[in-house]
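Q: I'll drop the sequence and a predicted model, then ask my questions.
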Protein chains: 2
Amino acid sequence: MNGAQLLVKAAVASGIEYCFANPGTTEIPLVAALANEPSLKPVLSLFEGVCTGAADGYGRIAGRPALTLTHLGPGFANGIANLHNARRANTPIVNVIGDHASWHVDYDPPLASDIGALAGAVSGWVRTSKSTDGLAHDLQSAIRAAWQPAGQIASLILPMDLQAREVAQAPRFSTLSAPRRRFAGDRVESVAAALRAGRKLVFIVGDEGLGEAGLLAAGRLAQLPGVKLFAETFPRLSHRGGGLPDLDRLPYFPEVAIGILEQYDAVVCAGVPEPISYFGYEGIPSRLAESDRLLHLAEVGDDVSGALAALADALEAPACAPAPIGVELPDAGEALSPQSVGRVLAAALPRDSIVSVEGGTCGYPFFTASARAERHRVMTNTGGAIGQGIPVGFGAALAERGTPVFCLQSDGSAQYTIQTLWSIAREQLPVVILIAANHRYAILQNELRRFGVTEFGPQALSLTELDRPRVDWKALAQGYGVPACTVRSNGELHRALAEAKASRAPFLIEMAL
Amino acid sequence: MNGAQLLVKAAVASGIEYCFANPGTTEIPLVAALANEPSLKPVLSLFEGVCTGAADGYGRIAGRPALTLTHLGPGFANGIANLHNARRANTPIVNVIGDHASWHVDYDPPLASDIGALAGAVSGWVRTSKSTDGLAHDLQSAIRAAWQPAGQIASLILPMDLQAREVAQAPRFSTLSAPRRRFAGDRVESVAAALRAGRKLVFIVGDEGLGEAGLLAAGRLAQLPGVKLFAETFPRLSHRGGGLPDLDRLPYFPEVAIGILEQYDAVVCAGVPEPISYFGYEGIPSRLAESDRLLHLAEVGDDVSGALAALADALEAPACAPAPIGVELPDAGEALSPQSVGRVLAAALPRDSIVSVEGGTCGYPFFTASARAERHRVMTNTGGAIGQGIPVGFGAALAERGTPVFCLQSDGSAQYTIQTLWSIAREQLPVVILIAANHRYAILQNELRRFGVTEFGPQALSLTELDRPRVDWKALAQGYGVPACTVRSNGELHRALAEAKASRAPFLIEMAL
């Protein structure tokens, strides 16, 4: 048994199912070891950002880490953007990064670079393996570091010679188990006391608090006087619909969020960090609420739903009636709009499906409409690095094979990891990709207007319009083996979604907006 | 005038022509400034790896830096792989990386990350701007740091508030000029003395030594007894054909290269670093020649051609007769092979064209055949981060608008920056992309065999074969607005190249291998 085989066995012993891989020469022993281990499925992608985004989606749904396998500094660097998002989602991921043989790297061969610096920028844990016999321990330490209540990115840098060398000692594997979440009773008591004292409180709920139990507790709290609840603006995973209480997301632009929060005596953080403006705008504070106006009910990684339920119990909040179900379809003959897209998709969602949302144009209207859909789960872009939606949807579809997954995706951001279409076709997963094709970076044009630019000349348009040439989404999907169609009206979208669902196979719908 | 406008004016005053951009909210003032400055052309790409690869290609051909403009840590990270290649090519590039407002970043908003660590991993120079009035000086310092005889990557991190703030002082710009290369006469004399003493010497020529003057001097030296010359294995820019002396590239695999070099008394480095094996293989030394067997005629960044010419003069080497021109076309009816692809392309090259080569399958046979082509220039992948060939070809085509550019590209590596097709279509450049479609990572299968894996089971194939599904290259090209065809025989490729050249517009040829 060589080091690579030991590492693969340690992964299997730790319950790892998937290795999202784009390997190279320095990972050859690992490729050979993966080739002979049926319990750990290697999933090849055409670009590393697909691997890391898929590991994020897998981790959010499966609640456990997957491995990624990338090639040296540059290969890993291609995966950084989606690891950034995963870090902000607290998704547990273990990166194995192949390096040159330890006796070779100091000669500075062409592919050498500072992998540790790159890995450190997105990881909570980084280690370079030093011995072949230590590889099982190194990998299990990485898994343990990643698989916390607030998950982390752990990166193990693995020199090629350690992979290839024979193991001397009989391997021993630790037993790893899922992390346990807890909440602090005294924090529940402080918030309860504030409410009993008649203070008006606005809650921002995130993390596991947006699961079913958390939402049901939130629904109870919402019936108390002086209480208002929001979901965090970009949830990692939010259960929605099927009668669950509807928590609106806190608005994105800081002046709007501040205007809401300042109507209350205090802001309760329930599974979210201190609320901060996404970007800094002159004259608008970074903090959406001053520190002395914050109450911390639960941290990220806590048993947020437990804390919410304990609070509801302490205040004897009544059970809440199931929210209404049933999305009203817009007029079939009308042209698609962001609002109608949200409603048509929400109406089409099968029970227990998953939706990966990236991009604001259709994302916000969809979230509003989806409150009345069948029970489903929504994942959003937590870190703002674009090119996340389709890979995350792909990983989610692997975490629950057979579950229908819908990627509601802006066209601009879809391009960053467009190679995911090939992976979805390769695995023949029931993933429907809806491209909101407005052929522009709408957010940049909005921000230019906020900055005071009122007229867009040729160079401003050249930096914000994607219409010269227009991407032919049907052709692109066909290029990667995904059937596709273009729809222009609500009725066409409705029918296309029905066909796509019936096929239980990959499908792309270009929505001309 | 605000800081962003000052920075743009400083770029124009320094002779910068292009800004390869994929901006976001933190770069809005720069987008607004670029929109009003016709002398600095912004070139939008759909993915940052296209921006940095294009800046590399531009820099190699233009001999001066371009700007890249990227959005925060994740956006910059998407460009790291091609910056790694550019660093190994010593291409001057100035990255401007937008950051959060300096008063906002410490609140750790979602898109915050350690940009300095990411930039440091590929840059020779990194600075975070501290004042609006200092922006012109900061940018010109970056340009000066990049634009050295051995070019560097310089990265300027630019907080959003500094871009937006008004400039207080009248701006002053330094005059920057192209760096001057020199060579060391005493080194020329040592090598001359070794040859006069009858030592057999093998030269490895790189950098500017592979330009016309360097090759002509190399051709003179090649006629001296006991002298053999190779080009470095992965030249940044090599002039070829049109009667120029043909320098073979030093073979890639270390055991082959060592076998050649050890036939000589010493190894002369002429514009290359010490020769090192690309990867470390057990039992094979990292150094292709021991240090005490090396003679250093010229460093990277030196006047390599001047040193070679001075050496030829010192040894009274005769002028060399022009090498023969004329590539024999393979049988038109036969199926394509890597060898025949090399010959058909070499025969089709118009005078003064540029070829960007990525991937070994067709790359090596092409280099051999191209010795007898019309005069042209070849760029190769210097750093081994794949996804470089098409962006570098794109940047080269912008550096010399109107010059025909050919990208000879392996299919696997083309996928990493496939979005470049859109940029080429947008700019309507005469770039012909030839995809060597063997639908596998051939190099990984070769390396698995070298590692001793003789039979490839389903999981080994799943990690190295790209045939499930096969990418439909014609559809993909159409998706991005590039006309395309598929060819199977030598005659079909010959005709397709003739048509593509005549169109003087983007064209993609899938070569079924």
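A: Here it is on my side, so go on.
Q: could you pull out the helices for the stretch 401-513 of chain A?
A: In order along the chain, the stretch 401-513 of chain A carries the following helices (DSSP state H, counting those that start in this stretch): A:411-414, A:420-427, A:442-450, A:458-464, A:473-479, A:490-503.
Q: Among those helices, which comes closest to A:Trp103?
A: With C-beta to C-beta, the closest approach to A:Trp103 among the helices of the stretch 401-513 of chain A belongs to helix A:420-427: 35.5 Å. For every residue, glycine as well, the C-beta is placed using N, CA and C.
Q: what does that closest one rub up against?
A: Under the contact criterion C-beta atoms under 8 Å, 6 or more residues apart in numbering or on different chains, helix A:420-427 has outside partners A:43-46, A:50, A:53-54, A:390-391, A:394, A:397-398, A:431, A:433, A:476-477, A:480-482, A:506, A:508, B:415, B:468-469, B:471.
Q: pLDDT on it, on average?
A: Confidence over helix A:420-427 (mean pLDDT, whole number) is 98.
Q: Just the buried positions in that helix, please.
A: Counting neighbours by 16 or more other C-beta atoms under 10 Å in any protein chain shown, one finds that the buried residues in helix A:420-427 are A:420-427.
Q: neighbours of the closest residue to chain B within the stretch 51-200 of chain A, just the number please.
A: The nearest approach of the stretch 51-200 of chain A to chain B comes at A:His104, 2.8 Å away (C-beta to the nearest C-beta). A:His104 has 24 neighbouring residues, counting by other C-beta atoms under 10 Å in any protein chain shown.
Q: Excluding covalently adjacent residues, which one is nearest to it?
A: Ranked by C-beta to C-beta, 6 or more residues apart in numbering or on different chains and with sequence neighbours excluded, the top spatial neighbour of A:His104 is B:Gly280, at 2.8 Å.
Q: I'd assumed A:Asp161 was in contact with that neighbour.
A: Yes - B:Gly280 sits in contact with A:Asp161 when judged by C-beta atoms under 8 Å, with a separation of 7.0 Å.
Q: list residues touching both of those two?
A: Looking at what touches both B:Gly280 and A:Asp161 (by C-beta under 8 Å, 6+ apart), the common residues are A:101, A:103-104.
Q: Skipping its backbone neighbours, what lies nearest A:Val227 in space?
A: Counting by C-beta to C-beta, 6+ apart, the nearest residue to A:Val227 once its immediate chain neighbours are dropped is A:Leu221, at 5.3 Å.
Q: Show me what counts as buried in the helix or strand harbouring that neighbour.
A: Taking DSSP states H and E as the criterion, A:Leu221 maps to helix A:212-222. When neighbours are counted by 16+ other C-beta under 10 Å, the buried residues of helix A:212-222 are found to be A:213-222.
Q: Which of those sits closest to B:Leu288?
A: Minimum distance to B:Leu288 across the buried residues of helix A:212-222 is 61.4 Å, recorded for A:Gly214 (C-beta to C-beta).
Q: how about TSV for the buried residues of helix A:212-222, with distance to A:Ile153 and pLDDT added?
A: Putting these into TSV (distance: C-beta to C-beta, whole Å; pLDDT from 0 to 100) gives the following:
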residue	distance to A:Ile153	pLDDT
A:Ala213	27	98
A:Gly214	24	98
A:Leu215	28	98
A:Leu216	31	98
A:Ala217	30	98
A:Ala218	29	98
A:Gly219	33	98
A:Arg220	35	98
A:Leu221	33	98
A:Ala222	35	98
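Q: Save those residues as a markdown table, and put in distance to A:Asn82 too.
A: As requested, the buried residues of helix A:212-222 are exported to a markdown table (distance: C-beta to C-beta, whole Å):
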| residue | distance to A:Asn82 |
| --- | --- |
| A:Ala213 | 29 |
| A:Gly214 | 26 |
| A:Leu215 | 27 |
| A:Leu216 | 32 |
| A:Ala217 | 32 |
| A:Ala218 | 29 |
| A:Gly219 | 33 |
| A:Arg220 | 36 |
| A:Leu221 | 34 |
| A:Ala222 | 34 |
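Q: Show the contacting residues for the residue lying closest to A:Gln445 once chain neighbours are set aside.
A: Nearest residue to A:Gln445, sequence neighbours excluded (C-beta to C-beta, 6+ apart): A:Thr464, at 5.1 Å. Contacts for A:Thr464 (C-beta under 8 Å, 6+ apart) come out as A:440-441, A:444-445, A:448, A:456, B:31, B:44.
Q: and chain A, what are its domains?
A: Per the record, chain A has its domains at A:3-164, A:185-315, A:338-512, by the TED database.
Q: taking those domains together, which one is wrapped up most tightly?
A: Relative to the other members of the domains of chain A, domain A:3-164 carries the highest mean neighbour count by mean count of other C-beta atoms under 10 Å in any protein chain shown, namely a mean of 24.
Q: can you map out the helices along the stretch 251-400 of chain A?
A: A:254-261, A:304-314, A:338-348, A:360-369, A:389-399.
Q: nope, the stretch 101-250 of chain A is what I meant
A: A:115-120, A:135-146, A:160-164, A:185-196, A:212-222.
Q: how about the residues of the stretch 151-300 of chain A near chain B?
A: Proximity of the stretch 151-300 of chain A to chain B is confined to A:160-161, A:164, A:234, A:273-274, A:276-282, A:286-287 under the rule C-beta under 8 Å from any C-beta of the partner chain.
Q: ok, of those, which one's closest to chain B?
A: If you rank those by distance to chain B using C-beta to the nearest C-beta, A:Gly280 comes first, at 2.8 Å.
Q: who touches the closest one in this structure?
A: Taking C-beta under 8 Å, 6+ apart, one finds A:286, B:100-101, B:103-105, B:109, B:160-161 in contact with A:Gly280.
Q: Would you format the residues you listed as CSV with distance to A:Asn85 included?
A: Shown next, in CSV, are those (distance: C-beta to C-beta, whole Å):
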residue, distance to A:Asn85
A:Ser286, 21
B:His100, 17
B:Ala101, 22
B:Trp103, 25
B:His104, 20
B:Val105, 18
B:Pro109, 14
B:Met160, 21
B:Asp161, 25
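Q: Can you pick out the most distant pair from these?
A: The two members of the contacts of A:Gly280 with the most space between them (C-beta to C-beta) are B:Pro109 and B:Asp161, at 13.7 Å.
Q: And the strands in the stretch 51-200 of chain A, which stretches?
A: Per DSSP state E, counting those that start in this stretch, the stretch 51-200 of chain A carries strands over the ranges A:66-71, A:93-99, A:125-128, A:153-159.
Q: between the second one and strand A:66-71, how many degrees?
A: The reference is to strand A:93-99. 20 degrees (axes from the mean of the first three to the mean of the last three C-alpha atoms, to 10 degrees).
Q: returning to what we had before: and the strands of the stretch 51-200 of chain A as CSV, adding mean pLDDT?
A: Written out in CSV, the entries for those read as follows (pLDDT from 0 to 100):
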stretch, mean pLDDT
strand A:66-71, 98
strand A:93-99, 98
strand A:125-128, 98
strand A:153-159, 98
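Q: Select, out of these, the one closest to B:Leu349.
A: It is, among these and with distance given as C-beta to C-beta, strand A:66-71, at 32.3 Å.
Q: and the angle from that closest one to helix A:389-399?
A: Relative orientation of strand A:66-71 with respect to helix A:389-399: 130 degrees, computed using the same axes, to 10 degrees.
Q: Isn't A:Gln459 up against B:Pro38?
A: Yes - with contact taken as C-beta under 8 Å, A:Gln459 and B:Pro38 are classed as touching, separated by 7.3 Å.
Q: now stretch A:332-339, how far from the chain's geometric center?
A: Mean C-alpha position of stretch A:332-339 versus that of the full chain (C-alpha atoms, centre = their mean, to the nearest Å) differs by 28 Å.
Q: Buried residues, it. List them.
A: Neighbour-count burial for stretch A:332-339 [16+ other C-beta under 10 Å]: A:336, A:338.
Q: which residues touch it?
A: For stretch A:332-339, with C-beta under 8 Å, 6+ apart as the criterion, the contacting residues are A:330, A:340, A:361-362, A:364-365, A:436, A:487-491, A:493-494, A:511-513.
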